[in-house]
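Colleague: Please find the sequence and the predicted model below.
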Amino acid sequence: MFELTNGIFPEFPNFEGRFTNGITWIETLIPELGLEINPENNVAHGVATTGTDNVLNPRTDVLPDNLLPLPGIQTQIDDFVAENPVADPDALYMVWGGGNDYVGLSLTEVDTPITNLLTTIDKLADAGAKNIMIPNVFDLGAIPLAVNGSPEVQQRLAQATLDHNAALQIALEEVEQNSDINIIQVDMYSALNQAIENPANFGFSNVTDAFLDTNATNPDEFVFWNPIHPTVRSHNLFANQAQKSLSEVSEVLSIVKATQ
């Protein structure tokens, strides 16, 4: 999105167009696997829903009309497949979505986001992808926007998270059972909740406030960077969780080792 908007959004102090204070978990994970980051393969745009919409599309107060509409995940996948009609079967693909559907669009039912995510898998698989990483959603009821908002909003987001993750796990297990695709599920919910429940064990001192909404000077002590998004320190927990999930899928692990 930063490139698409010519550096307009997200603005400083976000780090180089990311909704956090440094590189994200996937940017940490890839070098740890001994792989190289290829910017051309990154078609992700911030604030995307699992469908074709983007939460910022009606926000002309944030972005000028000539930069809208911004793509949702379906559009991103369509663009990727158009540029890569034959996907590398030995590559690792990652699609993470759902949070913006529940936070940005205020959805309460999970059928549409889950169906959309399954559609992205189908599109990638039809192009030849074999190894697809799909993380679940971290606890949206724990984000500062929810914690410091109304109890009704917090409960809605917490329940949407639980419903989404339960439905996603079932759906992904069915995909893997009925296809030759390696699905790598990553439990981001547990990764972040462990830190929220035992902050001192992970070096955190604040698990409820957004760093940017305080006068604090060290974002590493905060779980959240802004009212919705985690800090880099939290992203490192995500990277560790993803690496653990990859280590449990022997076929994918052998591919990673072969490329090192």
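Modeller: Yes, it's here. Every value quoted in this text rests on a predicted model; they were computed, and no experiment measured them. Numbers count the residues shown, from 1 in each chain.
Colleague: Do a quick rundown of the strands in the stretch 51-200 of the chain.
Modeller: Assigned by DSSP state E, counting those that start in this stretch, the strands in the stretch 51-200 of the chain fall at 92-94, 131-135, 182-186.
Colleague: Make CSV from those and add mean neighbour count, distance to Asp209 and mean pLDDT to it.
Modeller: (C-beta placed from N, C-alpha, C; glycine too.) Below are those laid out as CSV (neighbours: other Cβ atoms under 10 Å; distance: least, Cβ to Cβ, whole Å; pLDDT from 0 to 100):
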stretch, mean neighbour count, distance to Asp209, mean pLDDT
strand 92-94, 20, 29, 92
strand 131-135, 23, 24, 96
strand 182-186, 20, 26, 96
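Colleague: Just tell me which of these ends up closest to Gln243.
Modeller: strand 182-186 (9.3 Å; Cβ to Cβ).
Colleague: Serialize the strands of the stretch 51-200 of the chain to TSV and add fields for distance to Leu168.
Modeller: As requested, the strands of the stretch 51-200 of the chain are arranged in TSV below (distance: least, Cβ to Cβ, whole Å):
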stretch	distance to Leu168
strand 92-94	14
strand 131-135	7
strand 182-186	8
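Colleague: Helices of the stretch 151-260 of the chain, residue ranges please.
Modeller: 151-177, 188-197, 232-247, 250-259 (DSSP state H, counting those that start in this stretch).
Colleague: Name the residues of the third one that are buried.
Modeller: Think helix 232-247. Under the neighbour-count criterion of 16 or more other Cβ atoms under 10 Å, helix 232-247 has 232-239, 241-243, 245-246 buried.
Colleague: Equivalent analysis for the first one, please.
Modeller: Of the residues in helix 151-177, those with enough neighbours to count as buried (16+ other Cβ under 10 Å) are 153-154, 156-158, 160-165, 167-168, 171-172, 175-176.
Colleague: For the most centrally placed residue in the chain, give me the pLDDT.
Modeller: Geometric centre of the chain, nearest residue: Trp96, 4.0 Å, by Cα atoms, centre = their mean. Per-residue pLDDT puts Trp96 at 96.
Colleague: Not counting sequence-adjacent ones, nearest residue to it?
Modeller: Of all residues not flanking Trp96 in the chain, Pro135 sits nearest, at 4.8 Å (Cβ to Cβ, 6 or more residues apart in numbering).
Colleague: who are the neighbours in contact with the one you found?
Modeller: Pro135 is in contact with Met94, Trp96, Gln185, Val186, Asp187, Met188, Phe238, Ala242, counting by Cβ atoms under 8 Å, 6 or more residues apart in numbering.
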